[in-house]
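Q: Structural data only, the sequence is not supplied:
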């Protein structure tokens, strides 16, 4: 829910909630020191959707009189997770394809058995808006209860005008009915549609023409899968330019399967984010850092694909702003929850537990150009996660999703 | 709960539950074909604690009149997970040690900062029975709600007579109050107690003498950490012989850190299980297969320690009976849930999703010598997991614990 239909807090009473005795409050506010801006024995006051006061429990003004008061009893609190890269709206089931891949089947074997991305395209084209919302709402709910308070979701399983529009409509419907905030991205250029395999230029005409025209008002961003298996650097440039002309900022899938030059392009055009970047060179990373483009790393994909994990340590140390995200999708990473991604970023990617939490919160917000979240400070959205643990380190320490949490979204317990 | 204090089902009415329209029932009963003995569109009837009827929904006797009826609506059902190797009863917090290790700290750095196993020994010695039960009950509850209906739990953080006995008492208390069944193992020979570092022979005297005498009536098994860092093969043999004389069957930690010969010993003495076996040779595995000793693989440890994962494929293909387990412990694997272990065994260990489910159910039961569970068939305990998914493959396909399940323990919904 993006909040535009919430009651106006200036009209009468502002519902407030106070959390005290937070053993460790991760604010991500550098004013409090370190990467995470930690305050010990902290308190947070929120009113309606926003944080209004942050400090130590001892410093809390004596006349604070909230409608609801939670004593955290020493538990840690972190900002709500911002999952900046997902394909969480889709129809169909590809579990059998996973089993085939684990048994050593090649991509060709999978395609010839009816699997691969086109299988999701078929199922999604066949799904009504209601089907699509109902199949995806469960996933979005898993995200929310595991601490994701904002998630980006891409189209890209339609690859025709009607279905791309229906996917973006489904994202809007779920954003409306669920407490989570969903940020929609248009990914008509996910792969060339099956009908256009011998006429890729015609498909790009469709994406940059009628399809873009139809969806531009629904989408916040344009994304292109720039890789040998999908679109070239020059095709990507052309699609992004059309998207920008229609008012959409660029975020790109780049250098996932090989170094095809997408990271360099993202930096050159000043894209908001460059996602995957597994095969980026040191020069590419330096360019990203200079451009201020956020690298969105997706270690769940490498896990499920048995490929080399993204070297998050290297990207971070190159001075690039790092976000981590689930890439939730039915083919290469059926991962819904950010705590698992945080664990992977630490264990397989070399981030510290604190850096991984930052990348899953503030980093994600920056990747989406959102300046109102990812930080717990007065004026920011009151999105946060209360851990049943004394420190943020427990998220990576306990990789299996069993660490219980409570989620606060826009000032309300979910 | 081991069931001895349940009402006698022969006294009057036997409470029954029926599940119908199970899309895929994994029985592990070879009579139904394949490794998993799958029945499609199946039904299961259970009465009090046990399964009384298994078949297709169409074949269900027309006069079946259960007290409770669940329509699974095509969902898959698998046997309850049997986690055959855990250290889930402990006190203290070692999250900071995890963070240090992830940042590259050596084991010596960790020891000198007060970390390592002796830190858990100090915390556990300091904990009262109530403290120990309360700290551990939460973990055991996470296990149960994630589908573990039977878990082995070891002592081994006391290393003195009183604390080893208190740990085993805590296991008995939790078994009594929680619906899960806990199987206790005496692991006084986890490492040499800190007071005995210069007198290891005296410690072995203590373990095989007064300590064993005190705990033998509480424990089902004796276990020894047979490795360069703990006990030699000859010391292990001596400890196991004392345990067997006291009526305890042997299960051993072997060849985890290096090939010290423990797997060969486990086979030679006919231990019920050989756990870890990471460095076992082909000859060692052949000996295990001949002896009928179950290999318990613990991929969560390799994940959290960034070491090479156990090659489950190789062990399975050597003809050894394979179980997989969490090893839940505060130092090397804070993993509570079997679905994550199933995912690791497939993605990092090379099992098929079906083999991994078998190893997490029937394999675990065999590792504990339990013949009344791990299979869904008439006469077996009614322990099972209803997945919110059409097939068992989804457990490995979705590695982050977000797949919702419902758990049936001894015929009751948890």
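A: Good, I have the coordinates. Remember, it's a predicted structure, so these values are computed and weren't measured experimentally. Numbers count the residues shown, from 1 in each chain, chains lettered A, B, ... in the order given.

Q: could you measure the residue in the stretch 151-300 of chain A that chain B sits nearest to against residue B:360, distance?
A: Closest to chain B within the stretch 151-300 of chain A is residue A:300: 7.8 Å, counting by CB to the nearest CB. For the C-beta atoms, the positions are set from N, CA and C on the backbone; glycine is no exception. Going from residue A:300 to residue B:360 by CB to CB, to the nearest Å gives 22 Å.

Q: and if you look at residue A:211?
A: Residue A:211 is 46 Å from residue B:360, by CB to CB.

Q: residues from the stretch 101-250 of chain A in reach of chain B?
A: Residues of the stretch 101-250 of chain A lying close to chain B by CB under 8 Å from any CB of the partner chain are A:102-103, A:138, A:142, A:146.

Q: ok, residue A:179 touching residue A:413?
A: No - using CB atoms under 8 Å, residue A:179 is not in contact with residue A:413, being 9.9 Å away.

Q: These two: who's more crowded?
A: Between residue A:179 and residue A:413, counting by other CB atoms under 10 Å in any protein chain shown, residue A:179 is the more crowded of the two (18 against 12).

Q: Setting the sequence-adjacent residues aside, check what's closest to that one.
A: Excluding the flanking residues, the one nearest residue A:179 by CB to CB, 6 or more residues apart in numbering or on different chains is residue A:409, at 4.6 Å.

Q: ok, now residue A:86?
A: residue A:328 (4.3 Å).

Q: coming back round to it: if you count what's nearby, which of residue A:211 and residue B:360 comes out ahead?
A: Each of residue A:211 and residue B:360 has its neighbours counted (other CB under 10 Å); residue B:360 has more, 31 against 26.

Q: Residue B:28 versus the more buried one, what's the distance?
A: 11 Å.

Q: any idea of the pLDDT on the nearest residue to residue A:410 once chain neighbours are set aside?
A: Sequence neighbours aside, residue A:49 is the residue nearest to residue A:410 in space, at 4.1 Å (criterion: CB to CB, 6+ apart). Note on residue A:49: pLDDT of 96.

Q: if I look at residue A:49, how far off is residue B:71?
A: 41 Å.

Q: the more surrounded of these two?
A: Counted by other CB under 10 Å, residue A:49 and residue B:71 do not tie: residue A:49 has more neighbours, with 20 against 13.

Q: surely that one meets residue A:383?
A: No - here residue A:49 does not reach residue A:383: they are 9.0 Å apart, not a contact under CB under 8 Å.

Q: Quick check: neighbours shared by the two?
A: residue A:410 (CB atoms under 8 Å, 6 or more residues apart in numbering or on different chains).

Q: Helix, strand, or coil at the closest residue to chain B within the stretch 101-250 of chain A?
A: Distances between the stretch 101-250 of chain A and chain B by CB to the nearest CB are smallest at residue A:142, namely 4.3 Å. Classification of residue A:142 using DSSP: H, G, I helix; E, B strand; the rest coil returns helix.

Q: In the stretch 101-250 of chain A, mark out all the helices, start to finish.
A: For the stretch 101-250 of chain A, applying DSSP state H, counting those that start in this stretch gives helices covering A:107-112, A:117-126, A:129-145, A:161-177, A:200-206, A:212-215, A:233-245.

Q: how about those, which one is nearest residue A:265?
A: Among the helices of the stretch 101-250 of chain A, helix A:233-245 comes nearest to residue A:265, with 5.2 Å by CB to CB.
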